[in-house]
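Q: just coords:
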């Protein structure tokens, strides 16, 4: 019920359509049940999530992600439909072994109908941008520009399926997982993706944008300290740029100013806390940096379309 309510309310907020999120945040947008993973030390540039999904008839809005997202179907089968906002639906019949690759700058909508059972299981893998850029430089030279991958829906690729299964075995099932082995697998997969699914370069707003590794560094810093006061100077120092050039390049990369992006991340976190915890609205506001309840409510309503209390009460 909470996920259904979250979906409908997020779709009412057109202001969130330009937000690009990190892989760790995607679980807050999907209606499936995320499987608990055993405690593991964090491995840089590799994020794995496992989901069990039931049929979703009403479309859900999927934000664009900073990193390429790979989804491998582990079990079950479904008819999956996707469309860009306002576009026509395209459908794919998927079963175990099929994969999706999403590297889009724009959010999109999805819905699916399971076959032959109530659920199907998928694995999400987010590869950090440094891995993709390292593969690009190794293949195309030190002066290779930012790499862009094609979007793939419901395809089969033996290499992708094999390496993702190996990563799942190492990071989920292995009692003593090796960070070196996992990074080697992830790097091999990054090379394969750059070789096989590199998109043709195209002009657009992200030309001459903030470099991908700097974008990740800055957005990670934002996400790690949402309760702190926004500091353009601190973020610009992380990116090793002047405040003016950082702001300009960041907006070209994300479609939002740094302060707008920071507010959107705060609202993502606030929505999660309102739905998944028993913290009071006042405490949620404090958690994401708002000492004034009225200011928090005002910002939340502007960004989400309803007040925090209305959002929680659904």
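A: Happy to help now that I have it. This structure is a prediction, so every number in the text was calculated from the model and none was measured.
Q: my guess is residue 121 contacts residue 51, does it?
A: Yes. Using CB atoms under 8 Å, residue 121 makes contact with residue 51 at a distance of 7.0 Å. Every C-beta, even on glycine, is put in place using the N, C-alpha and C of the backbone.
Q: who's more crowded, these two?
A: Comparing residue 121 with residue 51 by neighbour count (other CB atoms under 10 Å), the higher total belongs to residue 51, at 20 against 17.
Q: what residues does the host helix or strand of that one touch?
A: According to DSSP states H and E, residue 51 maps onto strand 46-53. Here strand 46-53 makes contact (CB atoms under 8 Å, 6 or more residues apart in numbering) with 23-24, 26-27, 30-35, 37, 67, 74, 78, 112, 114, 119-128, 167-168, 171-172, 182-183, 186.
Q: now do the helices in the protein.
A: For the chain, helices defined by DSSP state H occupy the ranges 2-12, 129-140, 158-168, 179-197, 212-224, 232-239, 243-254, 258-276, 281-287, 293-304, 308-313.
Q: other residues contacting the fifth one?
A: Contacts made with helix 212-224 from outside it, assessed by CB under 8 Å, 6+ apart, are listed as 22, 24-25, 66-67, 128-130, 132-133, 146, 209-210, 234-235, 238-240, 250, 253-254, 258, 261-262, 265.
Q: please repeat the previous calculation with a cut-off of 7 Å.
A: Here helix 212-224 makes contact (CB atoms under 7 Å, 6 or more residues apart in numbering) with 22, 66, 128-130, 133, 146, 235, 238-239, 253, 261-262, 265.
Q: in CSV, list those along with pLDDT, neighbour count and distance to residue 291.
A: Shown next, in CSV, are the contacts of helix 212-224 (pLDDT from 0 to 100; neighbours: other CB atoms under 10 Å; distance: CB to CB, whole Å):
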residue, pLDDT, neighbour count, distance to residue 291
22, 69, 19, 26
66, 75, 20, 29
128, 84, 25, 34
129, 82, 22, 34
130, 85, 16, 36
133, 86, 19, 39
146, 69, 18, 39
235, 93, 24, 22
238, 90, 15, 25
239, 88, 22, 28
253, 72, 24, 31
261, 86, 24, 21
262, 91, 24, 16
265, 87, 19, 18
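Q: pick out the most distant pair among the residues you listed.
A: Put simply, by CB to CB the two of the contacts of helix 212-224 set farthest apart are 133 and 262, 24.3 Å from each other.
Q: so where is the protein shaky, pLDDT-wise?
A: 1-20, 22-24, 86, 104-105, 143-146, 200-209, 212, 314 (pLDDT under 70).
Q: any idea how it splits into domains?
A: 32-197, 212-313 (automatic domain parsing).
Q: and the end-to-end length of the longest one?
A: In domain 32-197, first residue to last residue: 28 Å (CA to CA, to the nearest Å).
Q: from residue 242, how far out is residue 232?
A: Separation of residue 232 from residue 242 (CB to CB, to the nearest Å) stands at 10 Å.
Q: now do the buried residues in stretch 51-58.
A: For stretch 51-58, the neighbour count (16 or more other CB atoms under 10 Å) marks 51, 52, 53, 56 as buried.
Q: and that stretch, how far out from the chain's middle?
A: Taking CA atoms, centre = their mean, to the nearest Å, one finds stretch 51-58 lying 18 Å from the centre of the chain it belongs to.
Q: okay, how far is it across that stretch, tip to tip?
A: Terminal residues of stretch 51-58 lie 18 Å apart, using CA to CA.
Q: stretch 166-174 too?
A: 10 Å.
Q: now do stretch 74-92: everything it contacts.
A: Counting by CB under 7 Å, 6+ apart, 17, 93-96, 106-117, 119-123, 153-154 sit against stretch 74-92.
Q: re earlier: quick check, nearest of the buried residues of stretch 51-58 to residue 286?
A: Nearest to residue 286 among these, with distances taken as CB to CB, is residue 51, at 30.7 Å.
Q: what's across from the closest one in the sheet?
A: residue 34, residue 122 (DSSP bridges).
Q: and it, how far is that from residue 45?
A: Using CB to CB, residue 51 is found at 21 Å from residue 45.
Q: so which two of the buried residues of stretch 51-58 are the farthest from each other?
A: Using CB to CB, those reach their maximum pairwise distance at 52 and 56, which is 12.4 Å.
Q: quick one on the thing from earlier: just the buried ones among the contacts of stretch 74-92, please.
A: Buried, going by 16+ other CB under 10 Å: 94, 107-112, 114, 120-123, 153-154, out of these.
Q: distance to residue 222 for those - can I get that in a markdown table?
A: Listed next are the buried ones among the contacts of stretch 74-92 as a markdown table, based on distance: CB to CB, whole Å:
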| residue | distance to residue 222 |
| --- | --- |
| 94 | 34 |
| 107 | 19 |
| 108 | 23 |
| 109 | 26 |
| 110 | 26 |
| 111 | 31 |
| 112 | 31 |
| 114 | 36 |
| 120 | 34 |
| 121 | 32 |
| 122 | 28 |
| 123 | 27 |
| 153 | 30 |
| 154 | 33 |
